[in-house]
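Visitor: 3D, please:
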Amino acid sequence: MKTKPLGRTGITVSHFCLGTMTWGSQNSEAEAHGQMDRAAERGVNFFDTAEMYPTTPRSAETLGKTEELIGTWWAKSGKRDQIVLASKILGEGTSMARNGAPISGKTMREALDASLKRLQTEYVDLYQLHWPNRGSYHFRKHWTYEPSDQKTQRELDHFVEVLSTADELIREGKIRALGVSNDTAWGIMRMVRLAEERGLPRIASVQNEYNLLNRLFDTDLSEVAHHEDVGLLAYSPLAAGLLTGKYDGGAVPEGSRWAINGGLGGREAPQGMKMAEAYNLLARRHGLDPAQMALAFAASRPFMTSVIIGATSLEQLDNALDAADLTLSDEVMEEINTIRRSNNGLPI
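Guide: Okay, here's the model as predicted:
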């Protein structure tokens, strides 16, 4: 398993990261433990979770359940010091925790302390803001995103509060680094600039969606990643399963995420289905597994720190991890770009 530096933190992470958002709903404790065992055996040293997980479906009743299962695995395996652990604080607007309060220094402490208790650990290696208080164009909101009502000084004051709190938490040994998720080039750059001006922790990474159907990161954010060492942790690299082929032809397998959540968060739009099937057909024509092709593509991007893979079975996990050794041919890469251009490069 290849490794990459996590920003400028000095932490090294595996190029594939184990995602956990199905543990506690679709997956039992035993299954979650089995996935962590297998991933560690195969060279994965990076796990990503969140206080909100599981999300299949998400609910206030299951909030934090995934972190609890990771905590019981630490107690069972004794491997806490072998794993780089990332978790997240919920963003503003959901009543699942703290009555939907926005992220602040106070809520960061409250959320982190609760996560540490569930995780049965004294620290989280990478603590991330799940989405910005000011809103986000992610989750298929890029068509209607409107930042003109944002108050610049309010946002800058918020960034300083977050960075200052992260500095305190690092000094207390509760976290090692700070990251963002579902964020923008402006947000990242202003936080980096403020950190450098004030001697506060730099943003180490950004966790945004990235896959063959959603390549928003390829433009300005890739430039930020290159110049500022704020690499991408790509979530949903299989577009919630569309790029595995299991939904081709409109199929909705029993027990799948689509069946459980009543959709794939908007990814199941007709144009998305059409493009996913085109990519899946391309993979099969070249003798490739569609999921492995999609993962290998994501891993090949120069701005990629780690590709977050999720699975509900060991078979799915092994299949995904096999993509770590796959290099796509020039011919396949060119055909991928041809399919993308057929949609004018627009994300689904």
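
Visitor: what's residue 202 in contact with, if anything?
Guide: Going by Cβ atoms under 8 Å, 6 or more residues apart in numbering, residue 202 touches 7, 8, 178, 192, 195, 196, 228, 230. From N, CA and C alone the C-beta is placed, and that goes for glycine too.

Visitor: and those residues, which are buried?
Guide: Neighbour-count burial (16 or more other Cβ atoms under 10 Å) applied to those gives 7, 178, 192, 195, 228, 230.

Visitor: Most widely separated two among those?
Guide: 178 and 228 (13.8 Å; Cβ to Cβ).

Visitor: And the residue lying farthest from the centre of the chain, its phi and psi?
Guide: For the chain, the largest distance from the centre (Cα atoms, centre = their mean) belongs to residue 285, which lies 29.5 Å off. The phi/psi pair for residue 285 (degrees, to the nearest 10) reads phi -60, psi -30.

Visitor: and it, what pLDDT?
Guide: Listed pLDDT for residue 285 reads 97.

Visitor: residues making contact with the helix or strand hosting residue 337?
Guide: Using DSSP states H and E, residue 337 maps to helix 330-341. Contact partners of helix 330-341, identified using Cβ under 8 Å, 6+ apart, comprise 212, 215, 275, 278, 279, 282, 286, 288, 293, 297, 328.

Visitor: rerun that using 6 Å as the cut-off
Guide: 278, 282, 286 (Cβ atoms under 6 Å, 6 or more residues apart in numbering).

Visitor: These, buried ones only, as a ChimeraX selection?
Guide: Buried residues among those (16+ other Cβ under 10 Å), as a ChimeraX selection:
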select :278,282
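
Visitor: Filter the contacts of helix 330-341 down to just the ones in strands.
Guide: Using DSSP state E, no member of the contacts of helix 330-341 sits in strands.

Visitor: The contacts of helix 330-341 in helices, which ones?
Guide: Taking DSSP state H as the definition of helices, these contribute 278, 282.

Visitor: Pipe the buried ones among the contacts of residue 202 into CSV and attach distance to residue 96 and secondary structure per row.
Guide: Listed next are the buried ones among the contacts of residue 202 as CSV, based on distance: Cβ to Cβ, whole Å; DSSP: H, G, I helix; E, B strand; the rest coil:
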residue, distance to residue 96, secondary structure
7, 29, coil
178, 22, strand
192, 30, helix
195, 29, helix
228, 32, helix
230, 28, coil
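
Visitor: List just the nearest of those residues to residue 264.
Guide: residue 230 (27.7 Å).

Visitor: Could you verify my assumption that that closest one touches residue 208?
Guide: No. Contact between residue 230 and residue 208 fails when scored by Cβ atoms under 6 Å: they sit 10.9 Å apart.

Visitor: So which residues of the stretch 51-200 of the chain form helices?
Guide: With helices called from DSSP state H, counting those that start in this stretch, the stretch 51-200 of the chain shows them at 65-77, 105-119, 152-171, 185-198.

Visitor: count of neighbours near the residue lying closest to residue 110 once chain neighbours are set aside?
Guide: Distance criterion Cβ to Cβ, 6 or more residues apart in numbering; nearest residue to residue 110, sequence neighbours excluded, is residue 98 at 6.7 Å. Residues contacting residue 98 under the criterion other Cβ atoms under 10 Å number 19.

Visitor: Return the distance of residue 98 relative to residue 106.
Guide: 9 Å (Cβ to Cβ, to the nearest Å).

Visitor: Quick test: name the residue nearest the centre of this structure.
Guide: residue 235 (3.4 Å).

Visitor: Who are the contact partners of that one?
Guide: Residue 235 makes contact with 207, 209, 308, according to Cβ under 6 Å, 6+ apart.

Visitor: Report the separation between it and residue 88.
Guide: Using Cβ to Cβ, we find residue 235 at a distance of 11 Å from residue 88.

Visitor: Kindly report the same for residue 287.
Guide: Residue 287 is 38 Å from residue 88, by Cβ to Cβ.

Visitor: follow-up on the earlier one: what would the helices of the stretch 51-200 of the chain look like in TSV with mean pLDDT?
Guide: TSV is the format used below for the helices of the stretch 51-200 of the chain (pLDDT from 0 to 100):
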stretch	mean pLDDT
helix 65-77	97
helix 105-119	98
helix 152-171	98
helix 185-198	98
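
Visitor: and residue 258, which of those is closest to it?
Guide: helix 65-77 (20.2 Å).

Visitor: Extract the CA atoms of that closest one and return them as PDB.
Guide: Output of helix 65-77 as PDB, limited to C-alpha atoms (Å, rounded to 0.1, in the frame of the first residue of the first chain):
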ATOM      1  CA  LYS A  65     -22.700   4.400  17.000                       C
ATOM      2  CA  THR A  66     -19.900   4.000  14.400                       C
ATOM      3  CA  GLU A  67     -17.400   5.700  16.800                       C
ATOM      4  CA  GLU A  68     -18.400   3.300  19.500                       C
ATOM      5  CA  LEU A  69     -17.700   0.300  17.300                       C
ATOM      6  CA  ILE A  70     -14.200   1.700  16.500                       C
ATOM      7  CA  GLY A  71     -13.700   2.100  20.200                       C
ATOM      8  CA  THR A  72     -14.500  -1.500  21.000                       C
ATOM      9  CA  TRP A  73     -12.000  -2.500  18.300                       C
ATOM     10  CA  TRP A  74      -9.200  -0.500  19.900                       C
ATOM     11  CA  ALA A  75     -10.000  -2.300  23.200                       C
ATOM     12  CA  LYS A  76     -10.000  -5.700  21.400                       C
ATOM     13  CA  SER A  77      -7.100  -5.300  19.000                       C
END
